[in-house]
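Engineer: Provided below are the primary sequence and the corresponding predicted coordinates.
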Amino acid sequence: MISQPAPESPVFSTTAITRLASDAELIACTVSTADDHLAQMAFAHLYDRHSERVLRFLQERVRSSLAAEDLLQEVFLRVYRKLPSLASRDHFPGWLKGISRNCLLDHFRRRKRVRLLDDDVPAEDEVPGEHGLPARKILRRDLLRRVERALDQLPGSAARMIRLRYFEDWTLQEIAADFGCEPHQVKYRLRDARQRLRWLLREVWREYTS
């Protein structure tokens with residue numbers, strides 16, 4: 001049996017990086033080269049290529065431009081840390097979108113806000129008095145708080161799947177890629193998570209449907 005020669009390690013140079021390199025090539029340079037300057041240059045090109053689109057995505061979902069800028073930096077900090085574990089470098093844009101959504105989810109959770117709130121419902125710290133809000137909005141905010149408390153009682157992966165699917169509108173395929181499993185497995189795990197959540201909220205549903 002004739003042995004095949006081992007593949008050569010990629011060779012990177014300033015000239016190669018400044019050309020229109022693919023995302024996969026820039027990622028390979030960032031994580032594989034021993035030259036810190038070249039690695040930083042490659043990642044800077046990756047940032048320049050995708051940051052404007054990510055920023056637009058964030059600005060459409062947060063009201064503050066400063067918050068969007070901060071989130072942009074958080075996104076690419078996570079990208080830099082996670083690049084070595086990226087399985088398919090040819091699917092970088094979708095992976096980047098997933099990280100952007102994760103950062104948004106964490107942002108809204110930090111502010112105790114979820115995407116199910118109507119845009120015209122103020123955050124809790126912006127409400128001067130409960131009596132000034134329509135009863136329907138008061139009930140909705142109360143229900144969402146109780147749903148959040150119930151989610152916190154689920155295992156971490158189950159709660160995360162629920163939030164990604166129903167609060168952030170992720171597809172089964174996107175969730176599967178994030179968890180490193182198959183879409184049909186996500187479907188079964190979501191069904192189990194919904195059943196657990198329904199049990200935790202059984203008294204709440206009775207109260208709101210009575």
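Structural biologist: Thanks, I have it. Keep in mind the model is a prediction, meaning the values are calculated, not measured.
Engineer: C-alpha coordinates for whichever strand or helix holds Gly94, CSV please?
Structural biologist: Applying DSSP states H and E as the criterion places Gly94 in helix 92-110. Provided in CSV are the C-alpha atoms of helix 92-110 (Å, rounded to 0.1, in the frame of the first residue of the first chain):
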residue,chain,number,x,y,z
PHE,A,92,-18.7,31.0,9.5
PRO,A,93,-21.5,33.5,8.7
GLY,A,94,-24.2,31.3,10.2
TRP,A,95,-22.0,30.5,13.2
LEU,A,96,-21.4,34.2,13.6
LYS,A,97,-25.1,34.9,13.5
GLY,A,98,-25.6,32.4,16.2
ILE,A,99,-23.0,34.0,18.5
SER,A,100,-24.7,37.4,17.8
ARG,A,101,-28.0,36.0,18.9
ASN,A,102,-26.5,34.5,22.0
CYS,A,103,-25.1,37.9,23.0
LEU,A,104,-28.4,39.5,22.4
LEU,A,105,-30.1,36.9,24.5
ASP,A,106,-27.7,37.5,27.3
HIS,A,107,-28.2,41.2,27.0
PHE,A,108,-31.9,41.0,27.3
ARG,A,109,-31.6,38.6,30.2
ARG,A,110,-29.3,40.9,32.0
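Engineer: What average pLDDT does whichever strand or helix holds Ala176 get?
Structural biologist: Using DSSP H and E, Ala176 sits within helix 172-179. Mean per-residue pLDDT for helix 172-179: 86.
Engineer: Equivalent analysis for stretch 184-202, please.
Structural biologist: Per-residue pLDDT over stretch 184-202 has a mean of 86.
Engineer: quick one: buried residues of it?
Structural biologist: Buried residues in stretch 184-202, counting neighbours by 16 or more other Cβ atoms under 10 Å, are found at Val186, Arg189, Leu190, Ala193, Arg196, Leu197, Leu200, Leu201. Bear in mind the C-beta positions are built from the backbone N, C-alpha and C, glycine included.
Engineer: for the helix or strand where Arg81 lies, packing partners?
Structural biologist: Under the criterion of DSSP H and E, Arg81 resides in helix 65-82. Packing partners of helix 65-82 (3 or more Cβ pairs under 8 Å, 6 or more residues apart in numbering; DSSP states H and E): helix 36-59, helix 92-110.
Engineer: got TSV for the ones you listed, with distance to Ala159, mean neighbour count and mean pLDDT too?
Structural biologist: Output for the helices and strands packed on helix 65-82, formatted as TSV (distance: least, Cβ to Cβ, whole Å; neighbours: other Cβ atoms under 10 Å; pLDDT from 0 to 100):
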stretch	distance to Ala159	mean neighbour count	mean pLDDT
helix 36-59	23	16	90
helix 92-110	11	18	86
